[in-house]
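J.: below is the sequence, then the predicted model.
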Amino acid sequence: MAISINRVSIVGRLGADPQTRGSGEVPVTMRVATSESWTKDGERQERTQWHSVVVWNTQAAKFAAKYLKKGDLVAVEGGMEYRKWERDDGNERDIAEVVVRPFSGSVQGQSTRGGDSGGDSRDDRDSGETSRSRDQGSQSRSGWEDDEIPF
């Protein structure tokens with residue numbers, strides 16, 4: 001029997017604050033935008049893809065709900081899952097989601113908003129911020145310029 005792996009890694013910007021369902025800690029849902037750009041015939045082209053993320057990992061969900069905000073750069077690892085549901089009008093809908101399950105995925109914040117080099121009130125161990133981004137000094141932590149944010 002062949003071995004198969006369902007693994008997705010994305011790094012992008014949050015389109016809105018992470019949302020919790022009901023009164024529980026899990027799941028947390030997020031919309032993450034990834035973009036690519038290229039030049040064609042001397043004109044800059046850009047394409048943005050939106051990804052639905054559902055976080056069932058309790059630790060990652062707590063982190064996302066507490067520390068992540070719209071516009072933050074995040075790295076998400078999980079599995080791709082597809083599901084169907086029927087809307088109130090009787091039409092079936094399909095969705096593809098990156099699902100972060102316990103023990104098999106992660107959510108990490110990659111920068112602070114605004115790219116400032118000063119510290120903020122978050123504890124770096126809890127924020128998921130990488131040591132590489134802390135060591136960049138006065139450079140933008142995310143590597144994005146203000147006019148390059150993909151949304």
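T.: Thanks, I have the structure now.

J.: could you give the bridge partners of residue 45?
T.: Bridge pairing for residue 45 (DSSP bridges) gives the partners residue 38.

J.: my read: it touches residue 35, true?
T.: No: counting by C-beta atoms under 8 Å, residue 45 does not reach residue 35; the two are 10.8 Å apart. Backbone N, C-alpha and C define where each C-beta goes, glycine included.

J.: and these two? Which one has more around it.
T.: Neighbours were counted for residue 45 and for residue 35 using other C-beta atoms under 10 Å; residue 35 has more, 16 against 10.

J.: quick check: which element contains the residue lying closest to residue 34 once chain neighbours are set aside?
T.: By the measure of C-beta to C-beta, 6 or more residues apart in numbering, the closest residue to residue 34 outside its immediate chain neighbours is residue 12, 3.9 Å from it. Following DSSP states H and E, the helix or strand that holds residue 12 is strand 8-14.

J.: with residue 81 instead?
T.: Going by DSSP H and E, residue 81 is in strand 73-86.

J.: next one: residue 96
T.: Secondary structure assigned from DSSP H and E places residue 96 in strand 92-100.

J.: sweet, I'm off.
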